[in-house]
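Chemist: okay, here's the prediction I keep looking at, along with the sequence it came from:
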Amino acid sequence: MNEALKQEIDKKTLDMIEFGILRLERKNERTHEVSDGDMIKKICNIIEKEVERSK
Amino acid sequence: MFDREYAFYGKHAKMIEKLKANLSDEIGRGFFETTYDIYQVAPFIGWIYRRRSKIDKTEETTKIFQGKMMTEKNDLVFNYRNMMALHFGDRSTEELMNIAFKLDYNDEARKEYDEIYNSYVLGGLEEMYEQIFLKDGASTTDEYIQNLYEFLEELNMRLYGVMDEDE
Amino acid sequence: MIIRKITLKNFRQYIDTSIEFAIDPEKNVTVVMGDNGTGKTTLAQAFQWALYGKTRFQIREIINRIVREKMTMGESKTVSVTIELFYNEKEYTVKRSVTYKKNAQMKLEEVDNKFTISDINENGEFHYFNDGEKHYMIKQFLPKDLSGFFFFDGERIEEMSKEIQSGKSEDFKEAVYSLVGLRATQNAMGHLKSVGNKMSVTKYYKAEVEKNNKSAIAMANYNRKIEELQEAIDKRKRVAEETKEKIAKCKKEIEECQEIIFSETHAMELKQQYEKLLREIKNLKEKRSRMVGKVLLKEFNNGFFAFCARPLIEEASPKIKEEGAGEKSIPDLTQKMIYYLIKQRKVCLCGTPLHENTPAHAEIMGLLDYAQPKTIGMQVNDYRMKEESILKTDNVYMKDMKQKMQDISDIDEEINAKEQEANEKMEALGNTDKGERAKNKKKVLEEEKAKLHEKLGFLEAEMKSKEQEKERQETEKGKLVITNEDTIKNANYLAYAEKLYERLSENYSKNENKYRVLLEHRMNEIFKTIYDGNIRISIDPRYRINVNVQEEFAAEDEVEKNTAQGYALIFAFISAIIDLAKDKINRNALEEGDMIDVEKEGYPMVMDAPLSAFDKTRIKSICTEIPRIADQVIIFIKDTDGDVAEEYMSNKIGKRYMVRKVNDSSLHSEVIGR
């Protein structure tokens, strides 16, 4: 199942996901305010939003 | 087309007000000056984020008066044509041109396309509102401003493909 | 950045002193000799004060004591440090000054405070940079957080050298990683994929994909969660109201304390100074608000539409193609008009009757094909005109907004600094018992108020997020039927997460390697000039530095080699960090004019080196290594080390100075060229 889906990966969407996640990480690098668990939630959010937008 | 007053209803009217409201007495302004300013850019934001929304059928309204609409009519028609070209980009040139250019005076035939346009307006408004006021649990003016800047950075990346490195 | 000259007026021991530094690339060393107590340290610190406004001395002590004593009542004197420097091939003057006045009580008050950066324009006139530009330029000349590497306390060398050689290189690695942005990538990777028990994004989506649908239980769960959230929201609302009342009460009590403090302060000028600071802070805050409102938000509003529209118009435009012939279209001719002429008026505009089956009638009917909305030639024309007007404007929006954000954050720094100063001044007010008590009470109240504000902030944020969470739960509840579609979605998210991890880890290895190789290369370059290629430095993936010696050395040389090595390592490290820093400046430069020529732009090393604490071999190392690495060396040493410095550096020394006391006074020193 994964193989079939991997072909559908849109580069622009992946770019935007990378942009959003790295920005989030850089911010947290300085302030260390967000826990790992919350970071994972936020990252999932970014992925889901971007993928939905690209449809 | 675009020669009658335009009204935002319900939650959308609330969002408009918040986007225009003074951030503080000392700052003396909000993010946008007029409802029209928001109305003008909203459909493009809606398209960028592929986000459309429906009218929230409740009482509250915020309007753009007929006078202003007629003054800006040419700009709005321009927007309409672009939005139709974008949304119907996959169709044939003839179909696309029909929708985008030949229905200016035919309100009946244009109804469904007006609805599409309007749905992008509302979707774009929602996106802007969320990006500025809700992102990262913001609750202070400084946090809204920070959100605004990050929204711009994100748009810059999306639209112009430019990634700026943080310090 | 190279320093040409420094001028001190009334600054600590220096009443009127200037020093011009050696800037010739062949002879780039300036030696300043003087015994302890003559004011060498002060000179070294003057740089930091001029550039960043910070020193280790109390602000009130910067004015020369003799000058201070001699001031008569009502007289003003100014303390200043001026630095003339070269940067990116242009010459700039940085000046910081403070003016004091002796008041009626024969005490000093600060009456003015200036910081200017200027250059000379094409007309030979002085041009002063504005506040926003100044802060930016200091960051360009020499960023404060890197200044520690360039304004150097010689004693640190020993520690650093030991650390690096013993394999403890955490600081090194940290400095590099953060300069280069690898840390964020590493963290992102860790969040995306993890081993063992740690949660990660991929783990989460894998679990989602495998989840079963248990609707009824899920429904009950949602309802319960929603109820709990509402309760939590209501409770917080109540607490928030209470907190607001407490804050108001605190404010009132603080004002009362303030009045007491003021009425208990007899020294007028102290009160005035403090009030002046408060006014300045208020002004700065107003300025900041203006910058946010009139500058930032206004610019945002004005340029936002074009910024968003431009690329979309570029995308839409090619799809818009004109069809009808341009010539046949008559401006603003509509079908309505034609029908009116034919059916109602029955007469043409020129007066010709329009009966059916006449040529006139046929002609007019023929126009129907080209009247709007059928003909679109004119419309497409209008479209193209509008398109051009938007596309031809410059796209400087993002750059402008970035600059304005930077300006605002610079003002925030200023406000912070002033508020700190105000707090310090507060200590001096109200020096009676009653005043002291009021001060203490005020302090306590302010802490309390800050905590209450923080609490209120949290409450409001929590309420907001719980509201959102509640809305989300409601929506989720509505979508309870988990179908195959959901499983497919999650599988898709999983695919993106894994693909991103792949990409990040590829880039990471590449970048990580790239920088490590860069550093290794640079450090070896420096070593080559010392040891003729007999020593090779390698940096392993964990950033431990290994020194590989290719030759056998005699025992007595061994000691010298080791200490020399240690120093060389440090300087090589600093030099490599400088390269990275320059690279970073260029990556972040707002425009081409701000970029520096990495090859030509140098940095000075200002060293306050207690050479006598080191043995002869170390002095030799320092004297040999530094001029090779830094583009300008300014070294402060003791009298007794003078000969040694001459011995090892004479061909590189461009200028020599000596600091000595004037009339044996410890309060007045001067600098003499030799």
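Modeler: Everything's here; your move. These figures come from a predicted structure and were not determined experimentally.
Chemist: give me the number of residues near C:Asp608?
Modeler: Using other CB atoms under 10 Å in any protein chain shown, C:Asp608 has 19 other residues around it. Glycine gets a C-beta too; all of them are placed from N, C-alpha and C.
Chemist: where exactly do the helices run in the stretch 351-500 of chain C?
Modeler: C:359-367, C:377-391, C:397-428, C:433-478, C:484-531 (DSSP state H, counting those that start in this stretch).
Chemist: helix or strand next in line after the longest one, which one?
Modeler: Translated: helix C:484-531. Heading C-terminal from helix C:484-531, the first helix or strand you meet, by DSSP states H and E, is strand C:535-539.
Chemist: the helix or strand following that next one pairs with which strands?
Modeler: Where DSSP H and E defines the elements, the next helix or strand beyond strand C:535-539 is strand C:545-549. Partners of strand C:545-549 in the sheet, by DSSP bridges, are strand C:535-539 (antiparallel).
Chemist: which parts of the strand it pairs with are buried?
Modeler: Buried residues in strand C:535-539, defined by neighbour count with 16 or more other CB atoms under 10 Å in any protein chain shown: C:Ile535, C:Arg536, C:Ile537, C:Ile539.
Chemist: and stretch C:117-135, by the same measure?
Modeler: Going by 16+ other CB under 10 Å, stretch C:117-135 has these buried residues: C:Ile117, C:Ser118, C:Phe129, C:Gly132, C:Lys134, C:His135.
Chemist: same check on stretch C:62-71?
Modeler: With burial defined by 16+ other CB under 10 Å, the residues of stretch C:62-71 counted as buried are C:Ile62, C:Ile63, C:Asn64, C:Val67, C:Arg68, C:Met71.
Chemist: pLDDT for these - can I get that in JSON lines?
Modeler: Conversion of those to JSON lines gives the following (pLDDT from 0 to 100):
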{"residue": "C:Ile62", "pLDDT": "84"}
{"residue": "C:Ile63", "pLDDT": "87"}
{"residue": "C:Asn64", "pLDDT": "88"}
{"residue": "C:Val67", "pLDDT": "90"}
{"residue": "C:Arg68", "pLDDT": "89"}
{"residue": "C:Met71", "pLDDT": "91"}
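Chemist: of all the residues you listed, which two lie farthest apart?
Modeler: C:Ile62 and C:Met71 (14.4 Å; CB to CB).
Chemist: quick one: closest of the helices of the stretch 351-500 of chain C to B:Glu130.
Modeler: Nearest of the helices of the stretch 351-500 of chain C (CB to CB): helix C:433-478, 9.9 Å.
Chemist: just checking, what packs against that closest one?
Modeler: helix C:215-264 (3 or more CB pairs under 8 Å, 6 or more residues apart in numbering or on different chains; DSSP states H and E).
Chemist: now the helix it packs on, how far from the chain's geometric center?
Modeler: 35 Å (CA atoms, centre = their mean, to the nearest Å).
Chemist: show me what stretch B:112-131 is in contact with.
Modeler: Outside stretch B:112-131, the residues within contact range by CB atoms under 8 Å, 6 or more residues apart in numbering or on different chains are B:1, B:8, B:12, B:15-16, B:18-19, B:38-39, B:41-49, B:51-55, B:80, B:83-84, B:87, B:99, B:103, B:147-148, B:151, B:154.
Chemist: give me the subset of those touching chain C.
Modeler: B:Val41, B:Phe44, B:Ile45, B:Trp47, B:Ile48, B:Met83, B:Leu103, B:Leu148 (CB under 8 Å from any CB of the partner chain).
Chemist: as CSV, the residues you listed with secondary structure would be great.
Modeler: As requested, those are exported to CSV (DSSP: H, G, I helix; E, B strand; the rest coil):
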residue, secondary structure
B:Val41, helix
B:Phe44, helix
B:Ile45, helix
B:Trp47, helix
B:Ile48, helix
B:Met83, helix
B:Leu103, coil
B:Leu148, helix
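Chemist: distance to C:Met398 and pLDDT added to these, as a markdown table?
Modeler: Converted to a markdown table, these look like this (distance: CB to CB, whole Å; pLDDT from 0 to 100):
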| residue | distance to C:Met398 | pLDDT |
| --- | --- | --- |
| B:Val41 | 16 | 96 |
| B:Phe44 | 16 | 97 |
| B:Ile45 | 16 | 97 |
| B:Trp47 | 20 | 95 |
| B:Ile48 | 15 | 94 |
| B:Met83 | 24 | 96 |
| B:Leu103 | 36 | 82 |
| B:Leu148 | 13 | 95 |
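Chemist: farthest-apart pair in those, please.
Modeler: Maximum distance among those (CB to CB): 36.3 Å, for B:Leu103 and B:Leu148.
Chemist: with neighbour numbers in mind, choose between those two.
Modeler: B:Leu148 (23 against 19).
Chemist: next, the buried residues of the helix or strand where B:Glu115 lies.
Modeler: Assessed by DSSP H and E, B:Glu115 sits inside helix B:107-129. Under the neighbour-count criterion of 16+ other CB under 10 Å, helix B:107-129 has B:110, B:113, B:116-129 buried.
Chemist: drop anything exposed from the contacts of stretch B:112-131.
Modeler: By neighbour count, with 16+ other CB under 10 Å, the contacts of stretch B:112-131 hold B:1, B:8, B:12, B:15-16, B:19, B:38-39, B:41-49, B:51-53, B:80, B:83-84, B:87, B:99, B:103, B:147-148, B:151, B:154 as buried.
Chemist: redo the ones next to chain C among the contacts of stretch B:112-131 as a markdown table? Include distance to chain A.
Modeler: Output for those, formatted as a markdown table (distance: CB to the nearest CB, whole Å):
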| residue | distance to chain A |
| --- | --- |
| B:Val41 | 18 |
| B:Phe44 | 15 |
| B:Ile45 | 12 |
| B:Trp47 | 11 |
| B:Ile48 | 9 |
| B:Met83 | 17 |
| B:Leu103 | 28 |
| B:Leu148 | 15 |
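Chemist: who touches stretch C:468-478?
Modeler: Counting by CB under 8 Å, 6+ apart, B:Leu134, C:Met219, C:Tyr222, C:Asn223, C:Lys225, C:Ile226, C:Leu229, C:Gln230, C:Ile233 sit against stretch C:468-478.
Chemist: any idea how far the residue nearest to the first one when sequence neighbours are not counted lies from B:Asp136?
Modeler: If the residues on either side of it in the chain are set aside, B:Leu134 comes closest to C:Gln468, at 6.9 Å by CB to CB, 6 or more residues apart in numbering or on different chains. For C:Gln468, the distance to B:Asp136 equals 12 Å [CB to CB, to the nearest Å].
Chemist: likewise B:Ala85?
Modeler: According to CB to CB, B:Ala85 and B:Asp136 sit 35 Å apart.
Chemist: give me the more crowded residue out of the two.
Modeler: Neighbour comparison, B:Ala85 and B:Asp136: the larger count goes to B:Ala85, with 25 against 14 (by other CB under 10 Å).
Chemist: what ranges does chain B have for its helices?
Modeler: Applying DSSP state H to chain B gives helices spanning B:10-20, B:35-48, B:66-71, B:73-87, B:93-101, B:107-129, B:141-160.
Chemist: can you say which of those helices is nearest to C:Ala309?
Modeler: helix B:35-48 (5.7 Å).
Chemist: relative to helix B:141-160, how tilted is the longest helix along chain A?
Modeler: If you go by DSSP H, chain A has its longest helix at helix A:11-31. Using axes from the mean of the first three to the mean of the last three CA atoms, to 10 degrees, the interaxial angle of helix A:11-31 with respect to helix B:141-160 works out to 150 degrees.
Chemist: for chain C, tell me whether helix A:11-31 is touching it.
Modeler: Yes. Applying CB under 8 Å from any CB, one finds helix A:11-31 touching chain C at A:Thr13, A:Leu14, A:Ile17, A:Glu18, A:Ile21, A:Leu22, A:Glu25, A:Arg26, A:Asn28, A:Glu29.
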